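> let me see the structure of the following:
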Amino acid sequence: MPPSFQRHFRLSLLLLLFLLAACTRAEGELSTDTPTETSPALVSTATIPATSTHPTVPTRKPTLTASPTRTRMPSITPGPTMTPFPTRTATLIPTFTSTFDPYSTRIPPVQCPTENPNLALDFGVPANEFAYLAEPMLEFLNLGGTQQAVITAYKLRDTQADERFIRQADVTGDGVPELLFTEPGTLNVFYCENGKYLLQTPLTETYHFNIPVITYVMDLNMDGVNELVIFSGDDRFRDIDIFEWDIISFRYLMDEGRICSSLMGPSTFKFSDNDSNGIKELILLQTIPIWTEYTDGLPWREETRTCTWDGNHYTPTKIDYSPPEYRFQAVQDGDRAMNVGDFDKALDLYQQAIFNVDLDWWSLDRKIYEIQIAQGETTFPTPVPDTNEYYFLAAYARFRIMLIHLMRGHQSDAEVVFNTLQEKFPTGQPGYEFAEMAVQFWNEYQISSDMGLSCSAAIQYAANHTDILTYLGGDYHGDQSLSYEPPDICPFTSTPEIP
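I've put the predicted structure just below:
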């Protein structure tokens, strides 16, 4: 073999060996696969401390070249333009103690005057002399006197005073109790702001100047702030007033019509979560009124009003009465039930109006007679029952029963009632007008099967015969009575779904 060839051969062999070695090293550096238990050369033999929270296998390297000085994040790989995260140590993690208040940066603490528990309040007015005491209370509190010292001084002056007239309670939602105090016609609330006590009077008038009673302090509408419930009046008129703090003053939460706030007679109220949604309904328990309200509004029944929180006020949503005493009351209660879709109750009441012989009669003469009896007069002759009343009310009740059957899709039952109405109330019979009105309704329904169009035909008939509404309810039927107009006879405007 020529020497030159041998030299080239040896050089080529050395070059080949060098390339093989280089490839082997490159393969080791380029491999980023997580080692497995079948790779014994890469498995660490070090003992893992029991308290270690780090994995024993190496994580993937972000670059081809290992960087021994870089702290690698176990789950975040920085991109080419991302600044690597610094090494975190335990000293960088804030430690919260039991005194940390997460709301301290959002709600500033209420500042009251610095209290001096040694101060005692002297009103300077004899206990047997009337005086308004809110102003001296305010002055005393701003001098450093405590709320409890005010309560103590007032109870020494009025030994009958209790938490219905003076008490502490948080009614502004700041966690600091306010002082609540009632005087004739007035509710006073003492609260702190900017290092001093201020006074607001949410209630400034009551019936006959009576002293209002602090009845409840509770969160009725579940908004985190206690409502202030005040009851005032006497056995003739009583008022319920509910107030809630609204940033800078108290807001009145009752309906404008005062159905939810006014009571007559020795009536009362309560709160109850009837629908189990956490927000309490206001329940007014109206008894029989006294004085001229009784005679002017005869006849009376006990009444239960349910008022519901609508997001801004308490508004009336339901009125229930004690069982009917007079026949017209059974009819009206049936109408009330039907108007809210309670067809079973309506059907029962209409049937009572037709068949219950214990229901009494009512007329204008009967009302005048009852008023004179209540006033102690006996000169007015005993009135004679108006026999026409029963026939008008019974005919109307049958018409409404027919509507119930149609609303439920029971046309055959409705037809039976319709035919009975025609049979029992021929022309000339008292109440026959309702039978004629039923004919107008029935003829339209046979054509269109539409309750709205059929009611329109009945309403038109009633508009032409308004005298048939007299027996249903009017001025002489009392303050609790419904008042009827032609559209009330058949109140459906379209065919609803069958319940």
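
> show me what the residue nearest to the spatial centre of the chain is bridged to.
The chain has Trp309 as the residue nearest its centroid, 3.6 Å off, counting by CA atoms, centre = their mean. On the basis of DSSP bridges, Trp309 is bridged to Tyr314.

> equivalent analysis for Ser272, please.
Glu281.

> gap between the residue nearest to the centre of the chain and Ile214?
Trp309 sits 20 Å away from Ile214, taking CB to CB, to the nearest Å as the criterion. Every residue, glycine included, has its C-beta placed from N, CA and C.

> same question, Ile373
Distance from Ile373 to Ile214, counting by CB to CB: 41 Å.

> repeat that for Leu347.
On the measure of CB to CB, Leu347 and Ile214 end up 46 Å apart.

> Ala169 and Val225 touch, don't they?
No - checked against CB atoms under 8 Å, the pair Ala169 and Val225 is beyond contact range at 11.5 Å.

> show me where pLDDT drops low in the stretch 51-200 of the chain?
For the stretch 51-200 of the chain, the stretches flagged by pLDDT under 70 are 51-109.

> mind doing that once more with 50?
51-107 (pLDDT under 50).

> tell me where it has helices.
Along the stretch 51-200 of the chain, the stretches classed as helices by DSSP state H, counting those that start in this stretch are 134-142, 147-157.

> Phe418: which of these is closest?
Closest of the helices of the stretch 51-200 of the chain to Phe418 is helix 134-142, at 69.2 Å (criterion: CB to CB).

> which strand residues bridge Glu303?
Beta-bridge partners of Glu303, as defined by DSSP bridges: Gln286, Tyr321.

> doesn't Pro316 make contact with it?
No - with contacts counted by CB under 8 Å, Glu303 stays clear of Pro316, the gap being 11.3 Å.

> pLDDT wise, what is Glu244 at?
Glu244 is assigned 97 on the pLDDT scale.

> look at Ile373 and Ile214 and report which has more neighbours.
Higher neighbour count among Ile373 and Ile214: Ile214, with 20 against 14, using other CB atoms under 10 Å.

> biggest strand in the chain by residues?
strand 237-246 (DSSP state E).

> phi first, then psi, for Leu347.
Main-chain dihedrals, Leu347, degrees, to the nearest 10: phi -60, psi -40.

> which non-adjacent residue is nearest it?
Ile404 (5.6 Å; CB to CB, 6 or more residues apart in numbering).

> now do the buried residues in the strand or helix carrying that neighbour.
Assigned by DSSP states H and E, Ile404 belongs to helix 388-407. Across helix 388-407, burial judged by 16 or more other CB atoms under 10 Å covers 389-407.

> first to last residue in stretch 285-298, what's the distance?
End-to-end distance for stretch 285-298: 18 Å, by CA to CA, to the nearest Å.

> ugh, wrong one, I meant stretch 266-283
15 Å.

> from the chain's centroid, how far away is it?
Mean-position distance between stretch 266-283 and its chain equals 10 Å (CA atoms, centre = their mean, to the nearest Å).

> make 664 the first number, not 1, from now on.
Yes, from this point I'll number from 664; that puts the last item at stretch 929-946.

> relative to Phe913, how far out is Glu890?
Between Glu890 and Phe913 the computed distance is 10 Å (CB to CB).

> equivalent analysis for Leu842, please.
Going from Leu842 to Phe913 by CB to CB gives 14 Å.

> more crowded one of the two?
Counting neighbours by other CB under 10 Å for Leu842 and for Phe913 shows that Leu842 has the greater number, 23 against 20.

> which strand residues bridge the more buried one?
Beta-bridge partners of Leu842, as defined by DSSP bridges: Gln831, Phe853.

> pull the contacting residues for it.
800, 804, 810, 813-814, 829-831, 852-854 (CB atoms under 8 Å, 6 or more residues apart in numbering).

> let's see it at 10 Å
Residues near Leu842 by CB atoms under 10 Å, 6 or more residues apart in numbering: 800-801, 804, 809-811, 813-814, 829-832, 851-855, 860, 862.

> so how do I select the buried members of the residues you listed in PyMOL?
With 16+ other CB under 10 Å as the criterion, this PyMOL line picks the buried residues out of the contacts of Leu842:
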select buried, resi 800+801+804+809+810+813+814+829+830+831+832+851+852+853+854+855+860
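
> which SSE is Thr864 in?
Element membership of Thr864 [criterion: DSSP H and E] is strand 859-866.

> hang on, I meant Pro1150
Going by DSSP H and E, Pro1150 is in helix 1149-1152.

> strands of the stretch 964-1113 of the chain, start to end?
Remark: strands assigned in the stretch 964-1113 of the chain by DSSP state E, counting those that start in this stretch are 966-972, 977-984.

> export those to JSON lines and append columns for mean pLDDT and distance to Glu868.
Output for the strands of the stretch 964-1113 of the chain, formatted as JSON lines (pLDDT from 0 to 100; distance: least, CB to CB, whole Å):
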{"stretch": "strand 966-972", "mean pLDDT": "97", "distance to Glu868": "21"}
{"stretch": "strand 977-984", "mean pLDDT": "95", "distance to Glu868": "20"}
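
> comparing those strands, which comes out most buried?
strand 966-972 (a mean of 19; mean count of other CB atoms under 10 Å).

> show me what that strand is packed against.
Judged by 3 or more CB pairs under 10 Å, 6 or more residues apart in numbering; DSSP states H and E, strand 966-972 is in contact with strand 900-909, strand 925-927, strand 931-935, strand 944-949, strand 977-984.

> apply 6 Å and report the result again.
Contact here means 3 or more CB pairs under 6 Å, 6 or more residues apart in numbering; DSSP states H and E; on that basis strand 966-972 packs against strand 944-949, strand 977-984.

> next, the buried residues of the first one.
Along strand 944-949, the positions that meet the burial threshold by neighbour count (16+ other CB under 10 Å) are 944-947, 949.

> stretch 893-910 now?
So for stretch 893-910, counting by 16+ other CB under 10 Å, buried means 893-896, 899-908.

> which of the residues you listed sits closest to Phe1006?
Closest approach between the buried residues of stretch 893-910 and Phe1006, by CB to CB: Ile903, at 33.2 Å.

> so that closest one sits right up against Ser924, yeah?
Yes - applying CB atoms under 6 Å as the test, Ile903 and Ser924 come out as touching, 4.9 Å apart.

> just to revisit the earlier point, taking the buried residues of stretch 893-910, tell me the two that lie furthest apart.
Arg899 and Trp908 (31.5 Å).

> so what's the residue count around Asp1028?
Look at Asp1028: counted by other CB under 10 Å, it has 16 neighbours.

> contact partners for it?
Each residue near Asp1028 by CB atoms under 6 Å, 6 or more residues apart in numbering is listed here: Pro1046.

> sketch out the low-pLDDT regions of the stretch 1014-1162 of the chain for me.
Looking at the stretch 1014-1162 of the chain by pLDDT under 50, you get an empty list.

> give me that answer again for 70
Along the stretch 1014-1162 of the chain, segments meeting pLDDT under 70 span 1042, 1157-1162.

> give me the domain ranges for this structure.
By the assignment in automatic domain parsing, the chain contains the domains 772-879+905-911, 1006-1152.

> now the ones you listed in JSON lines, with distance to Phe932?
What follows is the domains of the chain, written out as JSON lines (distance: least, CB to CB, whole Å):
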{"stretch": "domain 772-879+905-911", "distance to Phe932": "8"}
{"stretch": "domain 1006-1152", "distance to Phe932": "18"}
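
> and of the ones you listed, who's closest to Pro986?
Minimum separation from Pro986 across the domains of the chain (CB to CB) falls at domain 1006-1152, 9.1 Å.

> what about that closest one, how long is it end to end?
End-to-end distance (CA to CA), domain 1006-1152: 16 Å.

> check stretch 1085-1097 too.
Stretch 1085-1097 has its terminal residues 9 Å apart, counting by CA to CA.
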